[in-house]
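Chemist: Just the structure for this:
(one chain, ligands or ions: 1)
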Amino acid sequence: MAYVDRASGTAQREDELRQEMVRTGRMMWERGFVAATDGNLSARLGPDRLLVTPSGLSKGFLSADDPVVIRPDGELLPAYRGRGRRPSSEILMHLEVYRQRPDVMAIVHAHPPVATAFSIAGVTLARCVLPEVVVSLGGIPTAEYATPGTPEVPESISLMIQEFDAVILAHHGTLTVGESLWAAYQLLARVEQTAEITLAAHQLGRVGTLPPVAQSQLAQKRRDWLQRHGRPLCDGCTVCALGTTQAGNNWEGDGR
Ligand SMILES: [Zn+2]
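Modeler: A predicted model of the protein is given here:
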C-alpha cells in the first residue's frame, strides 16, 4: 500500500513514510516541543490503514520499525499484535480528525511549552496579530480542557478541526494537521513561534492587533487561500473575532 503525497502527486512508500515519521519526531524533540515520551504522530497509509507512533517511546529517538499500523477504528493490525507496541490512548483524537477531514494525510500532537502556557494562563492565541497566521491558519483556537487519553478529547476538538488546521488543547498541548507530516510539523512550529512573539510583545508592553482595514484584507486573503486549497469557505468568516468565543483573554486589545 502506498501513501500518496498530495503536494507532489507521487506515491510514497511505507518505508519512506516511516523515515519521515522518525525525522519529524526528532525535530519535535530537538525543538523542545515534546519531553520524555510526550506527543504522537500519525499518517494515512491508505483508506483503511494508519501509521502511528507507539506509546511509551521518546519521539526524539524512534527507529523506522517502531511505528505501528492501525485501522481507522483504532484496532491494531494482527501483524503488530503481541510485539509489545501499542498506539497511545491519545490516538483517539487522531481518529476523529481522519473521520472528519478526508483531506488530512498526517497529524502531529505535541506539548510546545509557550503555546500550552497561553491556555494555562487563559490567554487566547486567536487574535489578529500576525498576517501569515490569519491567512494560512485563519486563527489558532483553543479547545476546552479534556482529560488526555479519554473520549472527551476527540469531543473537544470535533467542531474546531472541521475548520482549523491548528488547535490548542487547553492545559495540554497542540494538534496540527496537514497534507504530510512535514506540513503538520510546520504548523506546530508556526503555532509555537506565534506564542513566543505574542509573549515577547506582551513583555514589551502591548499586544497590538492589526487595524480593521488590514483585518478585512486578510480575511479576503484567507478566503482566497481556502478556495485555492479546495477547502469550504466559512460563511461570514470572522477570523479575528475568535477570541470572543474561545477560552478567555486576559490581555486587553489595544483598541485600534
Ligand atoms: Zn498529549
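Chemist: roughly how far apart are residue 151 and residue 37?
Modeler: From residue 151 over to residue 37 the distance is 22 Å, taken as CB to CB, to the nearest Å. The C-beta positions use only the backbone N, C-alpha and C, and glycine is treated the same way.
Chemist: Am I right that residue 215 is in contact with residue 128?
Modeler: Yes - with contacts counted by CB atoms under 8 Å, residue 215 reaches residue 128, the gap being 5.1 Å.
Chemist: who's more crowded, those two?
Modeler: Neighbour count, other CB atoms under 10 Å: between residue 215 and residue 128, residue 128 has more, with 24 against 18.
Chemist: Now the phi/psi pair for that one, please.
Modeler: When read as degrees, to the nearest 10, the backbone of residue 128 gives phi -80, psi 80.
Chemist: before we move on, what about residue 160?
Modeler: Dihedral pair for residue 160: phi -60, psi -40, per degrees, to the nearest 10.
Chemist: try residue 23
Modeler: Torsion angles, degrees, to the nearest 10, at residue 23: phi -60, psi -40.
Chemist: Tally up the residues packed near it, please.
Modeler: Each residue near residue 23 was counted by other CB under 10 Å, and the total is 14.
Chemist: cool, and residue 76?
Modeler: 18.
Chemist: Find the nearest non-adjacent residue to it, please.
Modeler: Spatial nearest neighbour of residue 76, excluding adjacent residues (CB to CB, 6 or more residues apart in numbering): residue 70 at 5.5 Å.
Chemist: and if you look at residue 19?
Modeler: Per CB to CB, 6+ apart, closest to residue 19 is residue 64, 5.6 Å.
Chemist: can I assume that neighbour is in contact with residue 22?
Modeler: Yes - using CB under 8 Å, residue 64 is in contact with residue 22, at 5.6 Å.
Chemist: Between these two, which is the more surrounded one?
Modeler: residue 22 (20 against 14).
Chemist: Packing partners of whatever helix or strand that one lives in?
Modeler: Assessed by DSSP states H and E, residue 22 sits inside helix 14-30. Contacts defined by 3 or more CB pairs under 8 Å, 6 or more residues apart in numbering; DSSP states H and E place helix 14-30 against strand 3-5, strand 40-46, strand 49-52, strand 106-110, helix 181-204.
Chemist: can you rerun that using 6 Å?
Modeler: In terms of contacts (3 or more CB pairs under 6 Å, 6 or more residues apart in numbering; DSSP states H and E), helix 14-30 is packed against strand 40-46, helix 181-204.
Chemist: mind giving me JSON lines with the ones you listed and columns for mean pLDDT and mean neighbour count?
Modeler: Shown next, in JSON lines, are the helices and strands packed on helix 14-30 (pLDDT from 0 to 100; neighbours: other CB atoms under 10 Å):
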{"stretch": "strand 40-46", "mean pLDDT": "96", "mean neighbour count": "24"}
{"stretch": "helix 181-204", "mean pLDDT": "97", "mean neighbour count": "18"}
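Chemist: Mind checking the ones you listed for the one nearest to residue 137?
Modeler: Closest approach to residue 137 among the helices and strands packed on helix 14-30 is made by helix 181-204 (7.1 Å; CB to CB).
Chemist: For that closest one, list the C-alpha coordinates in CSV.
Modeler: Below are the C-alpha coordinates for helix 181-204, written out as CSV (Å, rounded to 0.1, in the frame of the first residue of the first chain):
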residue,chain,number,x,y,z
LEU,A,181,3.9,15.1,8.4
TRP,A,182,6.2,17.9,7.3
ALA,A,183,3.2,20.2,6.7
ALA,A,184,1.7,19.3,10.1
TYR,A,185,5.1,19.8,11.8
GLN,A,186,5.5,23.2,10.1
LEU,A,187,2.1,24.3,11.6
LEU,A,188,3.3,23.2,15.0
ALA,A,189,6.4,25.3,14.7
ARG,A,190,4.3,28.3,13.5
VAL,A,191,1.9,28.0,16.5
GLU,A,192,4.8,28.0,19.0
GLN,A,193,6.5,30.9,17.2
THR,A,194,3.2,32.9,17.3
ALA,A,195,3.1,32.2,21.0
GLU,A,196,6.7,33.3,21.5
ILE,A,197,6.2,36.5,19.5
THR,A,198,3.0,37.4,21.3
LEU,A,199,4.6,36.8,24.7
ALA,A,200,7.6,39.0,23.7
ALA,A,201,5.2,41.8,22.6
HIS,A,202,3.3,41.4,25.9
GLN,A,203,6.6,41.7,27.8
LEU,A,204,7.5,44.8,25.8
